[in-house]
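> What would the 3D arrangement of this be:
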Amino acid sequence: MLRQIRRVHTRAGARWLALSLVACAVVTPAVAHAATTVRVAPPGINPNGPSQQPRLSANGRFVAFSSQASNLGPAVGTGRESNVYVFDRLTGRTTLISSGLGGAPANGNSTNPSISGDGQVVAFASTATNLVGGTSKGVNEIFVRVGSGPIRRLTVGFGGVEPDSDSAQPVVSGNGRYVGFTSDADNLVAGDDNGASDVFEFDLLTGAFYRVSVTSRGGQARGASYNPSISADGHLISFTSGARSLVKGLRNRVPNVFIHDVYTGRTSLMSVSGRGKQQNASVPAPFTQFSDLSGDGHYVVFDSNATNLVPGVGNGHTAVFRHDLIARRTQLVSRTSSGKEANNDSFEPATSGDGSVTAFESFADNLGSPWAPGPNIFTWNALTFTPTTVDVTASGGSRGAELERQLLQRPAVSADGHVVAFVSGANNLVGGDYNGAEDVFLRITP
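The predicted model follows:
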């Protein structure tokens, strides 16, 4: 079966993107800082609700996140629903992205934001039915907003009908042109009858719609596909899939990480050793395997319980690995500076534009100092092979106790590797934090 492509409203899509980009503000470089920790909130404001799911622009100036707070700026949600915001580090302003028609509050939860390299294109998932006209079903759908322009819905069923199931996990390419996402809907493209979630890509400029969780010949995945990431130019998408039909010779019977090249149509297995050995374990249920592509498409990082990806590695805990697509080399990321494995689970990695800095969460207590009970956020530098604790106070001290004992999250890292975003309920990371809720924080290094 040929790879399925749908083109919708090509001229309208190009006009919408062009006009929206003209309206965008010029992005200036972020101000240089000494190593410090800051909270994502307007000056003097204690958010009155929890915030989570941060994602960063290329230089870390803009932070997209979701929040139930109702005091983040002049245009905010009601606090009853989760909304998507963008915080500008340079101005200290927070902008509501998931606003309803005519400025009305969204009538459903908006979550899982993703942001382009220049900070002007934000995609998110929402159950709201009043973000755009003609939405009535209330399933989780994918929307995008460019600058201060109108919100656009991407998950329109084939032939213009309502999607018949939920979509989630949007990812925006660094150039802001492409949006990848996962969907359970089977009416987004023709011929989708595999009865499983798939990964798609939408071209905002042309309106082309691709299903990317397919074989190199365009055949359907015989299993669920999810957790996408995308390269800066949008032509590579990585994802996890339990399907054994995506590449020939797949024998390990566990979910795996794949990469699909939209330009060539080729799908390749990525969760392998440097010698091409298939991983002998994935990530145990109920958790799922995550991957992240470097912006240049050179590296993919992923978590795995495999014991055969790197010689001598495999102590029974989930670990983070980095696979070089060009050199075909796999390295252990969740390791000490002396090369020892992390002594507890490490998971949900995110990597910088060139793959040199990888952030991840870990329960290990041997990766870095300071260490606080529960999971911590670390970065690993591929040039120095050194892990660094990220969720620390402004002066580098240990964070206080978390509100949730096991706050499982995925950190974010800017393309330049200088800013890491994470979530914490600790009240000592910045001064004056007394809201008793999880906040989004940034660890900024020179």
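
> just checking, S273 touches V313?
No - using Cβ atoms under 8 Å, S273 is not in contact with V313; the gap is 10.0 Å. In short, each C-beta sits where N, CA and C put it, glycine included.

> Show me which positions of stretch 152-159 end up buried.
152-158 (16 or more other Cβ atoms under 10 Å).

> What helix or strand is the residue nearest to T127 when sequence neighbours are not counted located in?
Nearest in space to T127, with sequence neighbours left out and distances taken as Cβ to Cβ, 6 or more residues apart in numbering, is G108 at 3.5 Å. G108 belongs to no helix or strand when assigned by DSSP states H and E.

> for T111, same thing?
strand 110-115.

> who does that strand touch, helix- and strand-wise?
strand 51-56, strand 62-67, strand 83-88, strand 121-126, strand 167-172 (3 or more Cβ pairs under 8 Å, 6 or more residues apart in numbering; DSSP states H and E).

> I'd like the average pLDDT over whatever helix or strand comes next after the third one.
Read that as strand 83-88. Following strand 83-88 in sequence order, the next helix or strand is strand 94-96 (DSSP H and E). In this model, strand 94-96 has a mean pLDDT of 95.

> just stretch 435-446 next, same as before
pLDDT averaged over stretch 435-446 gives 96.

> Out of the helices and strands packed on strand 110-115, which is closest to D365?
Smallest distance to D365 across these (Cβ to Cβ): 24.5 Å, for strand 51-56.

> For the closest one, output the C-alpha coordinates as CSV.
The C-alpha coordinates for strand 51-56 follow below in CSV (Å, rounded to 0.1, in the frame of the first residue of the first chain):
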residue,chain,number,x,y,z
SER,A,51,1.8,24.2,36.1
GLN,A,52,3.5,21.5,34.1
GLN,A,53,4.7,20.1,30.7
PRO,A,54,7.3,22.8,29.8
ARG,A,55,8.8,23.1,26.4
LEU,A,56,11.4,25.5,25.2
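
> partners of it in the sheet?
If you go by DSSP bridges, strand 51-56 pairs up with strand 62-67 (antiparallel).

> contact partners of the strand it pairs with?
40, 47, 49-57, 77, 82-89, 97, 110-115, 119, 122, 124, 421, 440, 442 (Cβ atoms under 8 Å, 6 or more residues apart in numbering).

> Buried ones only from those residues, please, as a ChimeraX command.
Buried residues among the contacts of strand 62-67 (16+ other Cβ under 10 Å), as a ChimeraX selection:
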select :40,47,49,50,51,52,53,54,55,56,57,77,82,83,84,85,86,87,88,89,97,110,111,112,113,114,115,119,122,124,421,440,442
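
> so who does G73 touch?
Here G73 is in contact with 42, 85, 93-96 (Cβ under 8 Å, 6+ apart).
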